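1. Turn this into a model:
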Amino acid sequence: MSKKIVVVGGGGLIGTRLVALLRAAGHEVTPASPRTGVNALTGEGLAEALQGASVVVDVTNAPSYEEKAVLDFFTTSTRNLLAYEAVAGVGHHIALSIVGIHRSSQVPYFRAKIAQEQLIRDSSIPYSIVQATQFFEFVKGIADYSTVDGKVVVPAALIQPIAADDVTATLARVAEAAPLNGTLEIAGPDRYTFEAAIGMDLNARHDAREIVVDPKAGYFGAGISETGIVPLDASAQLGATHFEDWLRQTVTAA
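-> Residues are numbered from 1 along each chain as shown. Predicted coordinates for the structure are as follows:
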């Protein structure tokens with residue numbers, strides 16, 4: 001059955017893919033972002049965008065990793081969305097979150113996502129929270145962020161990245177189904193050390209930066225445990241795309 005679905009953050013990496021996938025499935029989809037006149041942070045355009053919508057999918061990403069800025073972004077935008085959704089009679093709120101945030105809450109960005117999740121759980125609107133691991137597309141960004149004096153300094157931790165297309169496919173299925181009123185974890189099919197995953201990515205890009213493993217190294221502002229950002233529950237759903245195949249098809253080929 002066709003639904004009206006609003007994708008908040010519809011112009012981003014996941015949002016653009018999700019809008020296209022849901023439209024191909026026959027749904028009426030509104031991509032909501034400041035570029036389309038809809039701003040969840042200020043509330044601008046939300047009432048109009050949500051009119052008649054049955055599902056809202058929030059795939060926004062904060063523009064800053066600074067602790068106060070990211071917390072303000074996710075709490076303010078989520079409060080606005082939930083308030084406008086309640087007025088519009090939206091029956092399903094879906095948010096994209098991150099695997100391991102409650103085990104790695106020392107990371108400022110993760111604390112902001114925890115606050116966002118709590119607002120959703122405390123609201124009256126039926127919901128689904130999809131927690132994903134890091135995207136294949138962001139592994140190079142992790143390497144760049146972790147570069148110190150020309151060397152990539154990584155923690156002695158595990159990572160289980162997932163393809164953005166696999167995340168999108170899961171979000172589409174969740175949007176078409178009844179609310180979970182709970183959390184779903186998704187991850188890539190293969191688990192690596194940070195050193196191995198980043199090494200594969202750099203090698204595919206012919207990037208000769210040396211990788212240094214430091215047990216004290218942080219991850220976006222704070223330390224993490226060995227299994228801090230990988231799923232521990234056997235119920236986690238695994239994507240179909242292998243990182244090695246994705247690198248060969250998208251990075252090496254390019």
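2. now the helices for the stretch 101-250 of the chain?
-> Residue ranges of the helices in the stretch 101-250 of the chain, as given by DSSP state H, counting those that start in this stretch, are 108-122, 139-145, 164-176, 194-204, 243-246.
3. can you put those in a markdown table and add mean pLDDT, mean neighbour count and distance to I129?
-> No exception for glycine: its C-beta is placed from N, CA and C like everyone else's. Putting the helices of the stretch 101-250 of the chain into a markdown table (pLDDT from 0 to 100; neighbours: other CB atoms under 10 Å; distance: least, CB to CB, whole Å) gives the following:
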| stretch | mean pLDDT | mean neighbour count | distance to I129 |
| --- | --- | --- | --- |
| helix 108-122 | 96 | 19 | 6 |
| helix 139-145 | 95 | 17 | 23 |
| helix 164-176 | 98 | 21 | 10 |
| helix 194-204 | 97 | 19 | 25 |
| helix 243-246 | 97 | 18 | 24 |
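4. want to throw the ones you listed into JSON lines with distance to H92?
-> Rendered in JSON lines, the data for the helices of the stretch 101-250 of the chain read as follows (distance: least, CB to CB, whole Å):
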{"stretch": "helix 108-122", "distance to H92": "11"}
{"stretch": "helix 139-145", "distance to H92": "31"}
{"stretch": "helix 164-176", "distance to H92": "7"}
{"stretch": "helix 194-204", "distance to H92": "34"}
{"stretch": "helix 243-246", "distance to H92": "30"}
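5. Indicate which one of these is closest to K3.
-> helix 164-176 (7.3 Å; CB to CB).
6. So which residues make contact with the closest one?
-> Outside of helix 164-176, the residues that reach it under the criterion CB atoms under 8 Å, 6 or more residues apart in numbering are 3, 5, 13-14, 17-18, 21-22, 25, 27, 55, 57, 59, 92, 94, 96, 128, 130, 132, 135-137, 180, 184, 186, 188, 237, 239-241.
7. partner residues bridging the closest residue in space to L180 that isn't next to it in sequence?
-> Counting by CB to CB, 6 or more residues apart in numbering, the nearest residue to L180 once its immediate chain neighbours are dropped is S128, at 4.1 Å. Taking DSSP bridges, one obtains I94, G182 as the residues bridged to S128.
8. what residues are up against S128?
-> H92, H93, I94, A95, V174, P179, L180, N181, G182, T183, L184.
9. One more: G12?
-> By CB under 8 Å, 6+ apart, the contact set of G12 is S33, V59, T60, N61.
10. got these as TSV, with pLDDT, neighbour count and secondary structure columns?
-> Rendered in TSV, the data for the contacts of G12 read as follows (pLDDT from 0 to 100; neighbours: other CB atoms under 10 Å; DSSP: H, G, I helix; E, B strand; the rest coil):
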residue	pLDDT	neighbour count	secondary structure
S33	95	20	coil
V59	98	24	coil
T60	96	26	coil
N61	93	14	coil
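11. How far does stretch 20-36 stretch from one end to the other?
-> From its first residue to its last, stretch 20-36 covers 16 Å (CA to CA, to the nearest Å).
12. where's it relative to the chain centroid, distance-wise?
-> Using CA atoms, centre = their mean, to the nearest Å, we find the averaged C-alpha position of stretch 20-36 to lie 18 Å away from the chain's own average C-alpha position.
13. now do stretch 1-11
-> Average the C-alpha atoms of stretch 1-11, do the same for its chain, and the two points are 16 Å apart (CA atoms, centre = their mean).
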